[in-house]
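> return atomic coordinates for the entry below.
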Amino acid sequence: MKKLTVFLVAFLVPLLLACGGTKESNLPAPPPPSSEDPGGKNDNPDDPGTTDDPGTTDNPDTPNNPNPPDPSLATDLGLNGTANSYIVTSADSYKFKAVKGNGTASVGTASTADILWGGECLEDASYYNGYVIFSTKEPLMPGNALVAAKDASGTILWSWHIWIPKTEIGGDKYGFSFYTTMDRNLGALEAASATAGEDSHGLLYQWGRKDPFPCKTPSKRVPGPVSRQETITHPDTFYYTDGTWMSSVDKTVWGDGATKTIYDPCPPGYKVPMREDLSGFFPIDPLSSAKGWQYAAGYAFAVGEPQVWFPYTGYIDVTGTYVGAGTQTKIWNSHMDSANNQGYGVFLNGSTSSKSSQKAAQGGSVRCISEQQEQFQNKPGMPVQGSYTRKVFDSGVEELSGLCLSWDKTYLWGVGDQGELYKFTNLDGGVEAITYTSVWKYDADMEGVTIDPGSTTLYLGIESDRVYRVQSPYNSKTTIFVIDDAANMGNSGVEGITWYKGDLYVGAQSGATLWRYKLDGTKVWKKQLGALAPGIKEVGDLFYDSETDLLWVSDSEACKLFVFDGEVTELQAIYDVSFIGNAESVCVDHQRGCVWVGDDGSTSKIYKIAFTGL
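Residues are numbered from 1 along each chain as shown. From the prediction side, this is the model:
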């Protein structure tokens, strides 16, 4: 019997550790959840159980555990907001409302609650009077568990992840974000480090699903795609397919925006990050260019100030096989690629990273960020935005996408997506007095225009990947260089261009990418502006103001103007231009005390925004 006991301990303990850990700990309290109830998004009405149903009734008098804990003595984990996962830091009895994620909709007519996996961490689970109630082991056993509410027939109605970390969960903005980012992956028992092991890995998720898998190689594997309701009924089943697991694609299942949804796997107060929220952590070219970079081969890498570590967790491939441990990881965000219906994330392989669509059926990590963000404060002495006026042009001005002042600052040059070069005059009167002349038309997608201040030579940014030189009398062009990095960006390629001290800054929509080039086509550097400006989504246009040594960037997706120092090392100011439909172009005009912004809409407009302190 002794030999059998020894064998079972030797066999079972490593298995339990691989699924979440079982070590004892006295844990400090985690950060408090958001004080606001973020509400819920109950979309996809065709899926049973995904919409609010005030007509459903709970069964208040039949707890399924014959000796359930007293509900009145249980700590309410959802008191300040419900979610699909809850953090527990001390041995006790707990409860939470049986509602869908962060919403208010009941999960339906529940009869029982059960521990689906992670029983080494929890003592029991029951359902009573609209609440799921559970007790932890005594003493506390760090790990992860999944608890489900079931109807009278035993069908799972909804499930929740219980996260019992071994060390306090921390977080910071790490110099990259306006949001607080957790110091570990969702489900990790401890924060990663240069030598941390599997306890720092966390759990793995198929993109868009609210439930994690208990082990890195799922024991339940079924061919997909399937409906979302199927994944709710079978939360611990991995649906393998070479693409997305969803039979009916929903691009907003994880929000893809600022609002947390009922399918978000993060605990109260946190959410899955948007695509741009983590962009500063993972520059594409190269990853080692991120501030705070440190590489621990075989374990993890660190970035940020202060440093935060990301373990090479590996991932589950589309067949349900665990791969890449110690060398690779995939970290999901809430965006879905509209072109191929795949989840979006960062694939990290050693010291390189790639922000791109990843097959949603794969199992990747989640690094949660706070729901609330800190507001950026403009640097002292930056200009103050005032009122605006605008001019709406007739159909002769098509999709105004770039602006710059003439060499003598008496008129504006402009370009349009339809390949037309314009001259805008009469700038000193009201905007209604502005007139335009079409100077040259060429079959090219003209996105930006800038001028050599020492001459009358213009440089045009052409989507997706090239730069033209256009000299007086402005009726022909010369291609001076091609941006190889933008060759595959398509309609998200080159958008802005500006003269900078004898060189050119060129920007792209994709990844809010900025290049510095010599006029002979030599690339000086490439940067992702998200590393400096959390929340920036794209480069719409660029304007370098030589009088103040500031670079202005328009972002039509974020509806903002971002201002950096001339060398592009630090964000200086952010200005809201949400009153402009599609803010594609920007030009600073000291003589008139304004910033000109062009609206690249179906009807082109030009806005004159007053600024004091320019």
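
> which residue ranges form the helices in the chain?
2-18, 228-233 (DSSP state H).

> can you flag the weakest of those by average pLDDT?
Lowest mean pLDDT within the helices of the chain: helix 2-18, a mean of 36.

> flag the shaky bits of the stretch 301-450 of the chain, pLDDT-wise.
Along the stretch 301-450 of the chain, no part satisfies pLDDT under 70.

> kindly report the same for the chain.
Looking at the chain by pLDDT under 70, you get 1-69, 257-258, 284-285.

> geometric centre of it: which residue is closest?
Most central in the chain under Cα atoms, centre = their mean is M274, positioned 2.0 Å from the mean C-alpha point.

> not counting its neighbours along the chain, what's nearest F424?
L412 (4.1 Å; Cβ to Cβ, 6 or more residues apart in numbering). (Each C-beta comes from the backbone N, C-alpha and C, glycine too.)

> quick check: that neighbour vs Q572, distance?
Distance from L412 to Q572, counting by Cβ to Cβ, to the nearest Å: 24 Å.

> same question for A191.
Applying Cβ to Cβ to A191 and Q572 gives a distance of 32 Å.

> among those two, which residue is more densely surrounded?
A191 (23 against 20; other Cβ atoms under 10 Å).

> list the contacts for that one?
T167, G170, D183, R184, S200, V308, W309 (Cβ atoms under 8 Å, 6 or more residues apart in numbering).

> between those residues, which is closest to D443?
Distance to D443 across the contacts of A191 (Cβ to Cβ) is lowest for V308, with 48.3 Å.

> in this structure the closest one contacts T181, no?
Yes - using Cβ atoms under 8 Å, V308 makes contact with T181 at a distance of 6.8 Å.

> quick check: neighbours shared by these two?
D172, Y174, F281.

> now do the domain split for the chain, please.
20-373, 384-612 (automatic domain parsing).

> can you tell me which of the shared contacts of V308 and T181 is closest to S492?
F281 (20.9 Å).

> ok, now how distant is the closest one from Y299?
F281 is 17 Å from Y299, where distance means Cβ to Cβ.

> can you give me the strands in the stretch 101-250 of the chain?
112-117, 122-128, 131-136, 143-150, 156-164, 171-172, 179-182, 205-206, 221-223, 238-240 (DSSP state E, counting those that start in this stretch).

> I'd like those strands as JSON lines, with distance to S354 and mean neighbour count appended.
Listed next are the strands of the stretch 101-250 of the chain as JSON lines, based on distance: least, Cβ to Cβ, whole Å; neighbours: other Cβ atoms under 10 Å:
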{"stretch": "strand 112-117", "distance to S354": "32", "mean neighbour count": "21"}
{"stretch": "strand 122-128", "distance to S354": "39", "mean neighbour count": "23"}
{"stretch": "strand 131-136", "distance to S354": "40", "mean neighbour count": "24"}
{"stretch": "strand 143-150", "distance to S354": "29", "mean neighbour count": "25"}
{"stretch": "strand 156-164", "distance to S354": "28", "mean neighbour count": "25"}
{"stretch": "strand 171-172", "distance to S354": "25", "mean neighbour count": "18"}
{"stretch": "strand 179-182", "distance to S354": "20", "mean neighbour count": "22"}
{"stretch": "strand 205-206", "distance to S354": "19", "mean neighbour count": "26"}
{"stretch": "strand 221-223", "distance to S354": "27", "mean neighbour count": "13"}
{"stretch": "strand 238-240", "distance to S354": "23", "mean neighbour count": "23"}
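
> so which of the ones you listed is nearest E447?
Going by Cβ to Cβ, the one of those nearest E447 is strand 179-182, 30.5 Å.

> what does that closest one contact?
31, 169-174, 270, 273, 277-278, 281, 308, 367-370, 372-374, 534.

> repeat the analysis, applying 7 Å as the threshold.
Here strand 179-182 makes contact (Cβ atoms under 7 Å, 6 or more residues apart in numbering) with 169, 171-174, 270, 277, 308, 367-370, 373.
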